[in-house]
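Take this sequence and fold it.
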Amino acid sequence: DKLIGIHCVALEREDFDVMAAHGCKMVWSPTSNLLLYGQTAKISEARAAGVPVTLGSDWSVSGAKSLLGELKVAHLAEPTIP
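The predicted structure follows:
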């Protein structure tokens, strides 16, 4: 319950189920995910599994300069997020 996963790009629904069962959380940095990996974490899968997800910006080289910038990219990457 002390684990906070960062990036989590390679994780699948089964992995998120395990995280949720153990009370793990996740920080999502979509700008960095897209720049570094060419894709982003499967946020809808994480949320469906019950993993709490928070938005964060990664370091300045690959992350947005602010959380507002991350939120804009998050909405493009995962339009179901309000």
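
What residues does residue 20 make contact with?
Shown in contact with residue 20 (Cβ atoms under 8 Å, 6 or more residues apart in numbering): 49-51. For every residue, glycine as well, the C-beta is placed using N, CA and C.

Where does residue 54 sit: helix, strand or coil?
The local conformation at residue 54, judged by DSSP: H, G, I helix; E, B strand; the rest coil, is strand.

now swap in the one 10 residues further on and tell me
Here residue 64 takes the coil state, with states given by three-state DSSP.

same question, residue 60
If you use three-state DSSP, then residue 60 falls in the coil class.

thinking again about what came up before, out of the contacts of residue 20, who's the most crowded?
With neighbours defined as other Cβ atoms under 10 Å, the most crowded of these is residue 51; it has 24 neighbours.

Please look at that residue and residue 22 and confirm they touch.
No - with contacts counted by Cβ atoms under 8 Å, residue 51 stays clear of residue 22, the gap being 10.0 Å.

elements contacting the helix ranked longest in the chain?
Assignment by DSSP state H gives helix 67-77 as the longest helix of the chain. Under the contact criterion of 3 or more Cβ pairs under 8 Å, 6 or more residues apart in numbering; DSSP states H and E, the helices and strands touching helix 67-77 comprise helix 30-37, strand 53-55.

and if we set it to 10 Å?
Other elements packing on helix 67-77 under the criterion 3 or more Cβ pairs under 10 Å, 6 or more residues apart in numbering; DSSP states H and E are strand 25-28, helix 30-37, strand 53-55.
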